[in-house]
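**Q** show me how the following folds:
(one chain, ligands or ions: 2)
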Amino acid sequence: PIKLSNTSYNVHIGSHILQQAGPLISSLLSVKKVFIIADENVAALHLNTLTDSLNLAQISYETILIPPGENTKSIHNYEIVTNQLLERGIERKTPIIALGGGVTGDLSGFAAATTLRGVPFIQIPTTLLSQVDSSVGGKTGINTPTGKNLIGAFYQPEIVIADTHTLDTLPIRELKAGYAEIVKAGLIDDVELFEWCEKYGQYIIQKDQKYLTTAIEKACAFKARIIKNDEYEQNSKGRNLLNLGHSLGHTLEAELGYDGRMLHGEAVALGCCLIFKLCTKMGLCPESDTHRVIQHFSAIGLPTSIKGLPTKLSASNLLTHLKHDKKVKDGKILFILVNGIGKTFTSQEVTENDLYQLLIDDGCI
Ligand code: NAD
Ligand code: ZN
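**A** Numbers count the residues shown, from 1 in each chain. Ligands and ions are numbered 1, 2, ... in the order given. This next block holds a predicted model:
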């Protein structure tokens, strides 16, 4: 359960539960029709299971397919999707189901939040990243040429259905990228979760259903705890901390142009490593903790240094992007820093020079 001040909803986690989506939805909402927004890859693999289950529950549906990839989270696609919904006669009570990863969830969620000033929204996440992170918590949005997720809304789903069986078809690189967000949760304020990852991370990467289910449950419970007290990210010790590694991560993603050279979760892994390195340099975090974090990400096969990337990156370009990220307050860059594993705090004390040096030392030109 996710309990917020004005609403609450359940995250259902399990293998083969997509087959029960129709009955689950009709037990919650009395609806005759839904709109499904699905990414083309996912539709080819899992749409039939969903539509069979809707048929079972006597819910009719219309489908809108969107192309896969980060570039889909654009104003252009938002316009296409919302026009389609309106042209096909969506009504205030007609739910939108997002079937896909975080890209589908973020774009569909923003369409749900804004079409007719808000229609019910259902998340059916099909990547590890979206099952452990993006489908829960209500952040929806799209990217602009200036940066990621700069237009969006807080809009909670009515229900989240995370079927671990859908991960069977997920490419391993995508699985690893999603795993980075679980480790990030541990790094924020849950040493036990990080230690659990050190012990069992390899099983998750091997798609062991038992460990996958536990990992998703742990990560969702962590997120539920954080957002409960700070639904709208207004508290510096609240949901803001979920952005650990993200300012640098978003910058890396933006600089590489969202063309698949760096996945969001990979950028988060590298972003977290950079923050640990920075904090060790600043005398804030023991070197042994930084070493442990790098060690774990690298054992999983996630990027841990800019040096290791196939593309050369310019420190000054990265800094320019960084300043466009929304975590800038009064002209100063707001960073989530660490005193060690599980010990995060917000600070405005990082200077541009500290960052420039960090990026150069890590392999930027
Ligand atoms: P994604 O949605 O792009 O999916 C990754 C790829 O996997 C795509 O090519 C997709 O077609 C494919 N895919 C999805 N499910 C599949 C399956 N079951 N089998 C085979 N292929 C499948 O990426 P993602 O990593 O899920 O999400 C990344 C996005 O999530 C980013 O835009 C990021 O900003 C956002 N995000 C949002 C939040 C939030 O709170 N809203 C949190 C974290 C990340
Ligand atoms: Zn993220």
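
**Q** next one: residue 318 from residue 350, what distance?
**A** Counting by C-beta to C-beta, to the nearest Å, the separation of residue 318 from residue 350 is 14 Å. C-betas here are computed from N, CA, C, even on glycine.

**Q** go on, residue 308?
**A** 23 Å.

**Q** next: residue 295.
**A** Between residue 295 and residue 350 the distance is 24 Å, computed by C-beta to C-beta.

**Q** can you check residue 200 too?
**A** Here the distance between residue 200 and residue 350 works out to 33 Å (C-beta to C-beta).

**Q** the spatially most central residue of the chain - nearest residue in space that isn't next to it in sequence?
**A** Computing the C-alpha centroid of the chain and ranking residues by C-alpha atoms, centre = their mean puts residue 134 first, at 3.7 Å. With C-beta to C-beta, 6 or more residues apart in numbering as the criterion, residue 134 has its nearest non-adjacent residue at 3.7 Å, and that residue is residue 102.

**Q** the stretch 201-350 of the chain: helices as residue ranges?
**A** Across the stretch 201-350 of the chain, reading from the start of the chain, the helices by DSSP state H, counting those that start in this stretch fall at 209-228, 246-256, 264-281, 287-300, 315-324.

**Q** ok, which of those helices comes nearest residue 338?
**A** Distances from residue 338 to each of these were compared using C-beta to C-beta; the minimum, 4.9 Å, belongs to helix 264-281.

**Q** is the closest one in proximity to ligand 1?
**A** Yes: if you take C-beta under 6 Å from any ligand atom as the test, helix 264-281 does meet ligand 1, through 264, 265.

**Q** which elements pack onto that helix?
**A** Counting contacts by 3 or more C-beta pairs under 8 Å, 6 or more residues apart in numbering; DSSP states H and E, helix 264-281 packs against helix 172-189, helix 246-256, helix 287-300, strand 335-340, helix 352-361.

**Q** and if we set it to 6 Å?
**A** For helix 264-281, the packing partners by 3 or more C-beta pairs under 6 Å, 6 or more residues apart in numbering; DSSP states H and E come out as helix 172-189, helix 246-256, helix 287-300.

**Q** worst mean pLDDT among these?
**A** Of all those, helix 246-256 carries the lowest average pLDDT, namely a mean of 90.

**Q** which residues touch that one?
**A** By C-beta atoms under 6 Å, 6 or more residues apart in numbering, the list of residues contacting helix 246-256 from outside reads 147-148, 262, 267-268, 271, 274, 317-318, 321-322, 325, 327.

**Q** three-state assignment of the residue of the chain positioned farthest from its centre?
**A** Of all residues in the chain, the one whose C-alpha sits farthest from the chain's mean C-alpha position, using C-alpha atoms, centre = their mean, is residue 58 at 32.0 Å. On the three-state scheme (DSSP: H, G, I helix; E, B strand; the rest coil), residue 58 is labelled coil.

**Q** from ligand 1, how far off is the closest residue to residue 46 other than its chain neighbours?
**A** Take residue 46 and drop its neighbours on the chain: the residue closest to it by C-beta to C-beta, 6+ apart is residue 166, 5.4 Å away. Taking C-beta to the nearest ligand atom, to the nearest Å as the measure, residue 166 and ligand 1 are separated by 4 Å.

**Q** count the residues that sit near residue 166.
**A** Counted with other C-beta atoms under 10 Å, the burial measure for residue 166 works out to 26 neighbours.
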